[in-house]
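> build the 3D model from these lines:
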Amino acid sequence: MRKPDWKNCSEEELWRYVAWHLEGEGIRSILVGGAVVAIYTKGLYRSGDLDMVPDDMGREGLERALAGIGFEPTSSRYFKHPECPHLFLEFPRGPVEIGRSRPRLFFRICGRDRPHSLTLAFAASLLLAACGTPSTPAPSTPAPFTTDGCSAFPDGTPSDPTAWRHHCVEHDRAYWAGGTREQRRDADRKLSDSITADGRPIVGTLTWLGTRAGGHPLLPTPWRWGYAWKYGRGYHALSEGRPRRARSHPFIQMIRPMRHLLILAALPAWLASCASDPLAIPTPAKSVTREQAIATAYTYTRVQWTPEPRHIRHAPDSNGILVHTPDTTLTNHGFSNGWWKPGQAATGMPYQWGGFDSPRQFLDSLARGESAGDISTAAKRRLGDDGTSAEACGIDCSGFISRCWRLDRPHSTKQLPAICTQLDSWSELQPGDILLNDRHVLLFKAWWPDKKSILCYEAGPFPVWRVNAARITAAKLEREGYHPWRYRHITGS
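Below you'll find the model as predicted:
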């Protein structure tokens, strides 16, 4: 199997390659957690890491296997690849079980050398919840309250890892105590509504579906309804000595065992109805959150398109402005590092001198036959704005920052300081801040674990000619004259 494009790979691309490699080393794995949702929703939800439960393999053997493809253990629980800054690997301890059964859904994937099976565990609790049977409640003394945050679901986004964890902790307090069926439904609804009210309707919908399907008191999981009590308590009003059971219509009693399967069947349509355009970015506004800035940057790196011959141009446009697109024929015109080729799928928006396209505007411009990108040259830099072609599409470094910050017009690298405050120290950098010199600008995302390199997004000029995620040493940036700046209207921490 071919290596993924480390800098731009999706959760599914990384999972397929890592799982294929581990199986070749004798380690089978099960993918769980938020990455499963990212794959299932085809990118509508994004995860910052892959949780893979390995089969009966010590950590030492796992580290050796991962080292073979460049992943290194960190001081925390993650494994990181130096060329893949946007996705990490985590290996929770297994096995993955429901009672005495192991949920498995096998995919047969053919690689170059051999066919093999990969294991994907997705919402197995949905299946068990449909076949569980009530049992007599077991009286007990409640255990002390514990919480693991958003059990088997991300606590936040890659840029804000605990964005909605506080809502999950409050939800866990209700689940710890337990109670009636109606009280559980109210707790699940409150969690979903709270996250939705924070501006995350898709996450709110996913938590509603997950808690309704996976929180049944008969599930032998540490996060079931009433987990303070011994298993078997069921729905049990805290003021009563036995469970309270409500009568319902015979038809409702007949379909109740299947209700979670019905929810699962309706999930794709439900998500489609509430999801927005995956290429949409926030509209211009007077302020921006750090999460929005990083999410916008990530969206630009994930723009997928298929170039055509008509998108190539190495000649003046109708206004006499010379255009050089960063395609693979760029070397024929005295330049290097052209990267896209007609007929081959491309990922990431190309660099265009003076460009300010949103992802959707870029795709619309391609449909009209405009040139895909326009590299920076000495002549362009002398001309400034007059070197921007109206017949090319893409984005440049400062236009990219302007989009990430929700500005209503592009600000050049010379104009950005007027709306920013220079930071006293590089240690003050937070996600959404910038590193700026007299010719280029980068969007800061995070420090690499060694604290010597940064992870950033950029609409890269030479040698990349597209929007990408990059790891760059701080020493190199300081030698090139970069300084840290902060937009005056960015919020959050």
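> tell me where the stretch 301-450 of the chain has strands.
Taking DSSP state E, counting those that start in this stretch as the test, the strands found in the stretch 301-450 of the chain are 304-305, 314-316, 322-324, 346-347, 371-372, 392-393, 420-422, 434-436, 441-447.
> right, so of the ones you listed, which gets closest to His333?
strand 314-316 (4.9 Å; C-beta to C-beta). Glycine gets a C-beta too; all of them are placed from N, C-alpha and C.
> ok, that closest one: who's next to it in the sheet?
strand 322-324 (antiparallel) (DSSP bridges).
> from the middle of its chain, how far away would the partner strand be?
The chain centroid and the centroid of strand 322-324 are separated by 35 Å under C-alpha atoms, centre = their mean, to the nearest Å.
> average model confidence for it?
For strand 322-324, mean pLDDT rounds to 97.
> who touches Thr325 in this structure?
Shown in contact with Thr325 (C-beta atoms under 8 Å, 6 or more residues apart in numbering): His311, Ile312, Arg313, His314, Gly338, Pro350, Ser371, Ala372, Gly373, Asp374, Ile375, Ala392.
> please name the nearest non-neighbouring residue to the fifth one.
If you skip the residues right next to it in sequence, Gly338 has Leu330 as its closest partner in space, 3.1 Å away by C-beta to C-beta, 6 or more residues apart in numbering.
> okay but the one you found is in contact with Ile375, surely?
Yes: contact criterion C-beta atoms under 8 Å: Leu330 and Ile375 qualify, at 7.3 Å.
> return every residue with contacts to both of those two.
Residues touching both Leu330 and Ile375 (C-beta under 8 Å, 6+ apart) are His324.
> out of the strands of the stretch 301-450 of the chain, nearest to Gly179?
strand 441-447 (41.1 Å).
> the closest one - contacts with which helices or strands?
Applying 3 or more C-beta pairs under 8 Å, 6 or more residues apart in numbering; DSSP states H and E, we find strand 441-447 packed against helix 290-301, helix 397-404, strand 434-436, strand 453-459, strand 467-473.
> mean pLDDT and mean neighbour count added to the ones you listed, as a markdown table?
Listed next are the helices and strands packed on strand 441-447 as a markdown table, based on pLDDT from 0 to 100; neighbours: other C-beta atoms under 10 Å:
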| stretch | mean pLDDT | mean neighbour count |
| --- | --- | --- |
| helix 290-301 | 94 | 22 |
| helix 397-404 | 97 | 26 |
| strand 434-436 | 98 | 25 |
| strand 453-459 | 95 | 24 |
| strand 467-473 | 93 | 20 |
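> out of these, the one nearest His171 is which?
Nearest to His171 among these is helix 290-301; the distance by C-beta to C-beta comes to 21.1 Å.
> got a list of contacts for the closest one?
Contacts of helix 290-301 (C-beta under 8 Å, 6+ apart): 7-8, 46, 86, 157-160, 163, 278-282, 347-349, 359, 395, 400, 403-406, 430-432, 443, 445, 457, 459, 467-469, 490-493.
> which among those residues end up buried?
Buried subset of the contacts of helix 290-301 (neighbour count, 16 or more other C-beta atoms under 10 Å): 7-8, 46, 86, 157-160, 163, 279, 281-282, 347-349, 359, 395, 400, 403-406, 430-432, 443, 445, 457, 459, 467-469, 490, 492.
> on that earlier part again, for the residue nearest to Gly338, give its distance to Gly33.
Counting by C-beta to C-beta, to the nearest Å, the separation of Leu330 from Gly33 is 41 Å.
> got it, and Arg368?
Noted for Arg368: a distance of 41 Å to Gly33, by C-beta to C-beta.
> so for those two, which sits in the more crowded spot?
Counted by other C-beta atoms under 10 Å, Arg368 and Gly33 do not tie: Gly33 has more neighbours, with 21 against 9.
> got the phi and psi for the more buried one?
Gly33 adopts backbone torsions of phi 80, psi -160, taken as degrees, to the nearest 10.
> list the contacts of Arg382.
With C-beta under 8 Å, 6+ apart as the criterion, no residue contacts Arg382.
> from Trp353, how far out is it?
Applying C-beta to C-beta to Arg382 and Trp353 gives a distance of 12 Å.
> one step back: okay, the strands of the stretch 301-450 of the chain in TSV with distance to Arg200 next?
Shown next, in TSV, are the strands of the stretch 301-450 of the chain (distance: least, C-beta to C-beta, whole Å):
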stretch	distance to Arg200
strand 304-305	24
strand 314-316	45
strand 322-324	40
strand 346-347	25
strand 371-372	33
strand 392-393	31
strand 420-422	28
strand 434-436	26
strand 441-447	20
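> quick one: closest of these to Pro410.
strand 441-447 (11.6 Å).
> can you mark which positions in that closest one are buried?
Those would be Val441, Leu442, Leu443, Phe444, Lys445, Ala446, for strand 441-447 by 16+ other C-beta under 10 Å.
> what's the answer for stretch 63-83, then?
The neighbour-count check on stretch 63-83 (16+ other C-beta under 10 Å) flags Ala65, Leu66, Ile69, Phe71, Pro73, Tyr78, Phe79, Lys80, His81 as buried.
> from what I can see Ala285 touches Arg403, true?
No: Ala285 is beyond contact range of Arg403, at 11.9 Å (criterion: C-beta under 8 Å).
> the stretch 301-450 of the chain: helices as residue ranges?
Listed in chain order, the helices of the stretch 301-450 of the chain (DSSP state H, counting those that start in this stretch) span 359-367, 378-383, 397-404.
> any stretches of the stretch 51-200 of the chain with poor pLDDT?
55-60, 75-76, 94-140 (pLDDT under 70).
> switch to 80 and redo it
Flagging of the stretch 51-200 of the chain using pLDDT under 80 yields the residue ranges 55-61, 74-77, 93-141, 152, 158-161.
> would you map the strands across it?
Secondary structure of the stretch 51-200 of the chain by DSSP E, counting those that start in this stretch: the strands cover 72-73, 78-81, 84-90, 106-110, 115-120.
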